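In: structure here, sequence nowhere to be found:
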C-alpha cells in the first residue's frame, strides 16, 4: 500500500483530487441556493471558486518547486546542497490534507443546506461552516420568480 502511495501520490494527483472536491462543492453550493430560492449569482459561485482554485493548486505548485529545485547544482555557495524530495512530498501531502479538510467541511455543509441527510457526527464536525453559510443565506437576494404566459409563477 505504501509503495503504491509513494509511486502515485504527487502534487499533480493531489491537485486533481482537490479539483474534484472543488467541483462537488460548487455543484452542491448551487444546488442549495436553488432549493432555498436564493439567486445563483456570480458572487456566490465565483466567490467560492476564487478561494478554492488557488488552494487546490497549492500541491502542484509545491511539486513544481520540487522539480525546479532538483536542477540546482549540488555545490551552491560554498556548501554542499543535498536535495531531499521526500520533505516536499510530506509538505505537499500535509497541505492537501488541510485543504481537503476545509473543502470537505464546505461540501458537507452544502449537502446539509440542500436538505440531504448526513450522519450526526459529521453534522457536529461541520457545525461552524453550516452556520456561517446559513447566515450568508439570509444576506443573499432571493431568486426572481418567473411567470409563464398565464400569469402563474414557477
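Out: Nice, thanks for sending it over. On a predicted model such as this, the values are computed, not experimentally measured, just so you know.

In: CA atoms for contacts and neighbours, from now on please.
Out: Will do.

In: residue 88 contacts residue 62, doesn't it?
Out: Yes - using CA atoms under 8 Å, residue 88 is in contact with residue 62, at 6.9 Å.

In: quick check: mean pLDDT of stretch 46-61?
Out: Across stretch 46-61, pLDDT averages out at 87.

In: quick check: next helix or strand after the lowest-mean-pLDDT helix or strand in the chain?
Out: The helix or strand of the chain with the lowest confidence, counting by mean pLDDT, DSSP states H and E, is strand 79-80 at a mean of 60. Next in sequence after strand 79-80, counting helices and strands by DSSP states H and E, comes helix 85-113.

In: which strands and helices sit next to that next one?
Out: Using 3 or more CA pairs under 8 Å, 6 or more residues apart in numbering; DSSP states H and E, the elements in contact with helix 85-113 are helix 11-35, helix 42-69, helix 120-125, helix 127-139.

In: one more pass at 7 Å, please.
Out: Packing contacts for helix 85-113, counted by 3 or more CA pairs under 7 Å, 6 or more residues apart in numbering; DSSP states H and E, involve helix 11-35, helix 42-69, helix 127-139.

In: what sits against the closest residue to residue 36 other than its chain neighbours?
Out: The spatial neighbour of residue 36 that comes closest, neighbours along the chain excluded (CA to CA, 6 or more residues apart in numbering), is residue 114 at 7.7 Å. Applying CA atoms under 7 Å, 6 or more residues apart in numbering to residue 114 gives the contacts 31, 32, 35.

In: with residue 63 instead?
Out: 10, 11.

In: the one 3 residues further on too?
Out: The neighbours of residue 66, taking CA under 7 Å, 6+ apart as the test, are 85, 88.

In: so, low pLDDT: which residues of this protein?
Out: 1-2, 4-8, 41-45, 74-83, 140-154 (pLDDT under 70).

In: mind running it again at 80?
Out: Along the chain, the parts satisfying pLDDT under 80 run over 1-9, 36-48, 69-85, 136-154.

In: stretch 110-129: end-to-end distance?
Out: End-to-end distance of stretch 110-129 (CA to CA, to the nearest Å): 9 Å.

In: in it, what's buried?
Out: Residues of stretch 110-129 classed as buried under the neighbour-count rule (16 or more other CA atoms under 10 Å) are 110, 111, 112, 113, 114, 123, 126, 129.
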